[in-house]
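>>> whatever this is, show me its structure:
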Amino acid sequence: MTVLCRGQSIKTLSSFIDSLQAFRFFHSAAAAQELGLSQFDNAHNLFDEFPQRDIGYYNSILFYYSRDRLYEQALKLYVDIHHAGMPVDQCSLSCVLKASASVCNHAFGRQTHCQCFKNGFLEDVSVGTSLVDMYMKNGCMGDGEKVFDEMREPNVVTWTSLITGYAKKCMIERVLELFKQMKVQDVEPNPFTFATILGVLADRRAVEAGVQAHAMIIKCGFGSVRVVGNSLVNMYGKCGLINEAKNAFSDTESRDAVSWNGMIAGLVANELDLQGFELFRWMQLAVVKFTETTFATMVKLCTNLKDGSLAKQIHSQIIRYGFDSFDNIRTGLMFCYMRVHEMSYATKLFSALDGVRSVVSWTAMIKGLQQNGKESDAISLFLRMRREEVRPNHYTYSTIMSALSSTSSFFQVHGEIVKTGYESSPSVGTALLDAYMKLGWIDDAAKIFERIEEKDVVAWSAMLVGYVQEENTEGAVHFYKELVNEGVLPNEYTFSSIINACALPSAATEQGKQFHASSIKFAYNNALIVSSALVTMYSKKGDITSANFVFERQQERDLISWNSMITGFAQHGYGKKALSLFEEMQARNIEMDEITFVGVICACTHAGLVKEGENYFDMAVNKLRIDPTMEMYSCMIDLYSRAGMLENASALINKMPFPAGPMVWRTLLAACQVHRKLELGQFAAEKLISIQPNDSAAYVLLANLYAAAGKWPERAKVRKLMDERQVKKETGYSWIEVKNKTHSFIAGDISHPLSQQIYSKLGELSIRLRNTGYQPDTTYVVHDIEEEQKEAILSRHSERIALAFGLISLPSSITIRILKNLRVCGDCHTVFKLTSELEGRDIVLRDSNRFHHFSRGLCSCGDYW
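Now for the predicted structure:
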């Protein structure tokens, strides 16, 4: 009985002491609140007036310091407590650990950890959680996880602290692993746990996992919690599921500025800029306080829309709400004004930064000047930046490299880049190798590429472009394989470059198809830059059907797509399809350029539509105010020349606003040979030889013109002149691809291993052709020899040898595709037509001018070529 009473007395006394300590704590807290938030730094001095100062009194002040983010004052007060020899409890240590974590004072945190151990508080869950949080925020992941593992029962806050630490270090796999362990341990996640997980999934664009997490959130009843709702909006926005983001935004209760900002940013990121602007107006009507993020997003929106008027309105709001001094907003505004070509506004903003200009603002201004075609001003600003001793960063060097025009200044900047150690930076290294490739120095570019420490896909793709510029298909394909072997994931620019490489004459047709399949595998085949490259590649490789198939499936089309398809139809002899496509462009009000009209006039040329070609040329020059280029004039000369209207062609040359180039004179000279216009042909040849004295085409065409007119002495003189000037006639050759291997032939070629079978097939064809009534047209042999010899020469033209090889090597179901570097002669053209009917084969021949599709005895050119 006595023992029981004593026990009850002890409990009563303990309860009384606890109540007294609680009274002191809250009394102290109330006093602290009366001081006002701005006077916490003097709070403990005022509390000196109270006669009893225990740890509860100091804890209250530590609590308010932490709550008001006065972390340095909290640490100072704790040092005073420690020096006074006053005992601390778990509340004191938790507050101090939070303060040291927030200011990243790792040393202070470790010392506090020692005190926790000394005072026996490590098993306390609040102290353990604070220790985990402190180590994770200081980047000491191992120490944080060690503390976590030593805790008996870590709670949801502890788990969340650990997960958040790894999330901030972008250690995504570890975050997801810990989240799974947490569920296995039957620890229910709280809203902050889910917010962290959703942030990780958003960065990974892990849509499926994000949807599963959302289902768990709804099950836990956190769907309307603001911190979770904001994270859902962010996750769905980054994953491109904008409707789901809108739903999450609508379900979020008590939306704050973060909620609105996240939704607007999601709309802008998904190119729904007008909806983003509408939501901004609703945010304003909802009287939600704008933040720095709000205006940073709105400036980006204006940049995307390229709307200078809207940018000025947003700028006025930025000034009104006092955000005009924020560096990221000012830089964003500068970039926006430069994007809409409002350089005066951008310059004023830059000038207003006098004394506080960062390297970011300098770089933005340099880039804007460069993008607005003011390269010299960009270089001058860069030099001024250096004079003001502002140190460029890798973005600055990347920007200025593309603005440099002279080789000397280029080497000076390269030298500076080497000194500052930026040469190995991916962005700078890529800009350097791009600059070297533009100079045509592919080997130097390759050396720069090797020096880049962390080669990203941009650097690999840039190097790939260099091989394409060099027309090195084999090198490009080898380099792509190396890229894949290194584990680099190709992007749309990679595929665009390698497909462009496959469009080169030296590329095998099957290679392009293989890379098309790879682009489908990586889901880049519908990217505009890739699909446009595919249209061009298939068109240039003679597969106009596949080119049109890709074009029809394009989800969006740019001018390159339209131009490629129009030009492709024109070169393949489908003039009406090309013109129909042009009319569709007109109906859709798509802006056209000189390349569009080159394709259209080319279509008229190959179809013999002279009047239509004249109308299109007039439309381009007089209605659309497109400055006619040399190529446009050349197409018009070709249009008149093929129709035998050489007087019109000469008149147009005389009206040209600039001297006619080699292409124009070569076109006229070739037409003079066809139409036997000797005098005009001599004049055109003289002009062409004066411009390009070492080009064999002028001499050969003139010699052939003399031969066709029976002027053999004059022809001999031209050939002698070629010998004197050491001008070599370009050798005609044809090539064909069989089983991924290219086989080349010259006239009379007997070097191929299957020569016996090839000539046997040619002999067989010759007999069958003559049985159909075919007679060789020996006028295409410009030699003064016997008719039999002329027929023998015709029968051994390189394209016929390639055809025979294709017939004996390729199954009947496969189209025979042959390329020739010179214009096919009329007799061979006839042979190809007849062979397509005799053999029942589809044949595509690409000569120096166009494509010929032979099928069932007909050619796509309609014999007008």
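
>>> use CA for all of it now, contacts and neighbours both
OK.

>>> all strands of the protein, in order?
For the chain, the strands identified by DSSP state E occupy 733-738, 741-746, 816-820, 843-846, 851-855, 858-859, in order along the chain.

>>> out of these, nearest to P426?
Comparing those against P426 with Cα to Cα, the closest turns out to be strand 741-746 (36.8 Å).

>>> which positions within that closest one qualify as buried?
With burial defined by 16 or more other Cα atoms under 10 Å, the residues of strand 741-746 counted as buried are S744, F745, I746.

>>> isn't the first one up against I750?
No - counting by Cα atoms under 8 Å, no contact exists between S744 and I750, whose distance comes to 11.3 Å.

>>> ok, which stretches of the stretch 601-750 of the chain are helices?
Secondary structure of the stretch 601-750 of the chain (DSSP state H, counting those that start in this stretch): helices located at 610-618, 630-642, 646-655, 662-675, 678-691, 696-708, 712-724.

>>> off-centre distance for the first one?
Its chain's average C-alpha position is 38 Å from that of helix 610-618, according to Cα atoms, centre = their mean, to the nearest Å.

>>> check the third one too.
Going by Cα atoms, centre = their mean, the spacing between the C-alpha centre of helix 646-655 and its chain's C-alpha centre is 45 Å.

>>> for the fifth one, same thing?
On the basis of Cα atoms, centre = their mean, helix 678-691 sits 47 Å off its chain's mean C-alpha point.

>>> any idea of the mean pLDDT in stretch 747-756?
When pLDDT is averaged along stretch 747-756, the result is 94.

>>> now what about that stretch, what contacts it?
Defining contact as Cα atoms under 8 Å, 6 or more residues apart in numbering, one finds that stretch 747-756 is touched by G732, Y733, I793, R796, H797, S798, I801.

>>> switch the cut-off to 10 Å
Outside of stretch 747-756, the residues that reach it under the criterion Cα atoms under 10 Å, 6 or more residues apart in numbering are 731-734, 743-745, 758-762, 792-802, 804-805, 808-809.

>>> tell me which of these fall in helices.
Taking DSSP state H, the ones among the contacts of stretch 747-756 that sit in helices are 758-762, 792-795, 798-802, 804-805, 808-809.

>>> of the residues you listed, buried ones?
Taking 16+ other Cα under 10 Å as the criterion, what is buried in these is 758-759, 761-762, 794-795, 798-802, 804-805.

>>> could you dump those residues into CSV with distance to S641 added?
Output for those, formatted as CSV (distance: Cα to Cα, whole Å):
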residue, distance to S641
I758, 37
Y759, 37
K761, 37
L762, 34
L794, 26
S795, 29
S798, 27
E799, 26
R800, 28
I801, 31
A802, 30
A804, 33
F805, 35
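
>>> in TSV, list the strands of the chain along with distance to K183.
Output for the strands of the chain, formatted as TSV (distance: least, Cα to Cα, whole Å):
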stretch	distance to K183
strand 733-738	60
strand 741-746	58
strand 816-820	63
strand 843-846	65
strand 851-855	66
strand 858-859	71
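
>>> figure out which of these is closest to N270.
Comparison of the strands of the chain against N270 by Cα to Cα identifies strand 851-855 as nearest, at 42.0 Å.

>>> each with direction, which strands does that closest one pair with?
Looking at strand 851-855 with DSSP bridges, its paired strands and their directions are strand 843-846 (antiparallel), strand 858-859 (antiparallel).

>>> which one of these lies closest to L705?
Taking Cα to Cα as the measure, these were each checked against L705, and strand 843-846 came out nearest at 24.1 Å.

>>> alpha carbons of that closest one, in PDB - could you do that?
Output of strand 843-846 as PDB, limited to C-alpha atoms (Å, rounded to 0.1, in the frame of the first residue of the first chain):
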ATOM      1  CA  ILE A 843      14.200  -0.600-114.600                       C
ATOM      2  CA  VAL A 844      15.200   2.800-113.000                       C
ATOM      3  CA  LEU A 845      18.100   4.600-114.600                       C
ATOM      4  CA  ARG A 846      19.500   7.800-113.000                       C
END
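
>>> show residues contacting that strand.
Taking Cα under 10 Å, 6+ apart as the criterion, the residues outside strand 843-846 that touch it are 540-543, 571-572, 734, 736, 799, 803, 806-807, 814-824, 829, 832-833, 835-836, 851-856, 859-860.

>>> narrow these to just the buried residues.
The buried subset of the contacts of strand 843-846 - by 16+ other Cα under 10 Å - is 540-543, 571-572, 734, 736, 799, 803, 806-807, 815-821, 824, 829, 832-833, 835-836, 851-856, 859-860.

>>> ok, the residue positioned nearest the centre of the chain - contacts?
If you average the C-alpha coordinates of the chain and look for the closest C-alpha using Cα atoms, centre = their mean, you land on Y493, 5.5 Å from that point. Residues in contact with Y493 (Cα under 10 Å, 6+ apart) are V457, V458, W460, S461, A462, L464, V465, I499, Y524, A527, I529, V530.
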